[in-house]
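In: okay, structure incoming, though there's no sequence with it:
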């Protein structure tokens, strides 16, 4: 299987997560669950996409023993590293904020402010959970010394985005009628 089509952002994300130490699909799923702030892909994608990237020559795999059965462990190939270097030559675009929160606030004139306010303020427990997850991620970052600085910078951005949402919810609570 070969393709000259550019990789998708999610495919680049997989290459980055596989990193220099490699990772199996089960590792990728664990990382995605712990880093829900960063990605919302289905677990099945963390099994399917590495297979595709291997078929395209960006990853290679080997079987390793697991607790109950053999597990696949992927590592970057030279082609995968080249693809990441080329990707870095492209300027990063500003992340989109196409969240349900923006659509919900705009719908207030259609469904009423109290309904929107209740819906949006229900995000607070999830925000608290995400902040706890980030705290745990900061602690785990020291276990990956070759990536610690980068993980901490990434977690800092995520924390700022989450805190901005929390502050915005405070404003929603003040501004919208009950």
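Out: Sure thing, it's come through. Not measured: the values here are computed from a predicted model.
In: C-alpha from now on. contacts and neighbour counts both.
Out: Fine.
In: which strands or helices does the lowest-mean-pLDDT helix or strand in the chain pack on?
Out: In the chain, the helix or strand scored least confidently by mean pLDDT, DSSP states H and E is helix 25-34, which has a mean of 84. Taking 3 or more CA pairs under 8 Å, 6 or more residues apart in numbering; DSSP states H and E as contact, the helices and strands that helix 25-34 lies on are helix 9-18, helix 45-55.
In: I'd like the next helix or strand past the longest one.
Out: The first helix or strand that comes after helix 45-55 along the chain, using DSSP states H and E, is strand 59-64.
In: how distant is the helix or strand following that next one from the center of its chain?
Out: Heading C-terminal from strand 59-64, the first helix or strand you meet, by DSSP H and E, is strand 71-76. Relative to the centre of its chain, strand 71-76 is centred 20 Å away, using CA atoms, centre = their mean, to the nearest Å.
In: which other helices and strands contact strand 71-76?
Out: Of the remaining helices and strands, those touching strand 71-76 by 3+ CA pairs under 8 Å, 6+ apart are helix 9-18, strand 59-64.
In: contact partners of it?
Out: Counting by CA atoms under 8 Å, 6 or more residues apart in numbering, strand 71-76 makes contact with 15, 18-25, 50, 58-65, all of which sit outside it.
In: quick check: angle from it to helix 9-18?
Out: Taking axes from the mean of the first three to the mean of the last three CA atoms, to 10 degrees, one finds strand 71-76 and helix 9-18 inclined to each other by 100 degrees.
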